[in-house]
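Asks: Have a look at this fold, sequence not included:
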């Protein structure tokens, strides 16, 4: 199932998407819910971020080639950081360059896990039972704040609009550890990899995170980005006003945002 969160006539709803038509869902997508048969043309509604997460957990340096391009040793355990929820936007929203840090705003294509039920201290073998599905994410990052000014990542990762996700939550992906993943800046491919290059696979990440913090329904886990990010290029490549950035992940779709 592809689950969309959308706005129509001033109301926010969930629905199942198929062939450009949304069948409205009644109930709780994290619990009991049914399809209503009330249908909308996807072109006639505003798509929102497919979930409003209570927490955003992100994983750093989780692709082998990205660690190499960053001149970093692959980590022995998942590197956890967090983004604040004010950063969430959907596929219809614009990424906004912050006035206080406009010069080094970078893109990061990421497979994003959506937690479906409360998870605490779960095993890797049981982790799939706690996953509702997956979506595309862009871990937008102000590299000057992250790497030069602050000596930590929170501010550089958490400006308003710095966490686009979408367009849907896809629930039926049997092998999330083998998906093509890419990003395009103004139509040019800048990242192209596969989630098989992840150091820590999806189930390991969910289990590990649950042993450090309670994962509530709707929590998202951003699983890291592959090589090709802007700050590692020579010369560096950063997003600027007027750009368009697309994140495409196999079996999920394309998340597209304008930059202002």
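Replies: Structure received. Keep in mind that what you see is a predicted model, and the values were worked out from it rather than measured.

Asks: So what touches stretch 203-221?
Replies: Judged by CB atoms under 8 Å, 6 or more residues apart in numbering, the contacts made with stretch 203-221 from elsewhere in the structure are 30, 51-59, 62, 77-78, 80, 112-128, 130-132, 135, 137, 165, 200, 223. In this view, the C-beta of every residue, glycine as well, is placed from N, C-alpha and C.

Asks: 7 Å - rerun?
Replies: Around stretch 203-221, the neighbours that count as contacts under CB atoms under 7 Å, 6 or more residues apart in numbering are 30, 51-57, 59, 78, 80, 112-124, 127-128, 130-131, 165, 223.

Asks: So which of the residues you listed belong to helices?
Replies: Cross-referencing the contacts of stretch 203-221 with the helices (criterion: DSSP state H) gives no overlap at all.

Asks: domains in this protein, as residue ranges please.
Replies: Dividing the chain into domains by automatic domain parsing, as the record does, gives the ranges 1-48, 49-258.

Asks: what's the span of the shortest one from first residue to last?
Replies: Domain 1-48 has an end-to-end distance of 17 Å (criterion: CA to CA, to the nearest Å).

Asks: Could I get the average pLDDT for it?
Replies: Confidence over domain 1-48 (mean pLDDT, whole number) is 97.

Asks: ok now it, how far from the chain's centre?
Replies: Between the mean C-alpha point of domain 1-48 and the mean C-alpha point of its chain there is a distance of 20 Å (CA atoms, centre = their mean, to the nearest Å).

Asks: which other helices and strands contact the lowest-mean-pLDDT helix or strand in the chain?
Replies: Taking mean pLDDT, DSSP states H and E as the measure, the chain has helix 64-69 as its least confident helix or strand, at a mean of 91. With contacts defined as 3 or more CB pairs under 7 Å, 6 or more residues apart in numbering; DSSP states H and E, there are no secondary structure elements packing on helix 64-69.

Asks: gap between that helix and the chain center?
Replies: Taking CA atoms, centre = their mean, one finds helix 64-69 lying 19 Å from the centre of the chain it belongs to.
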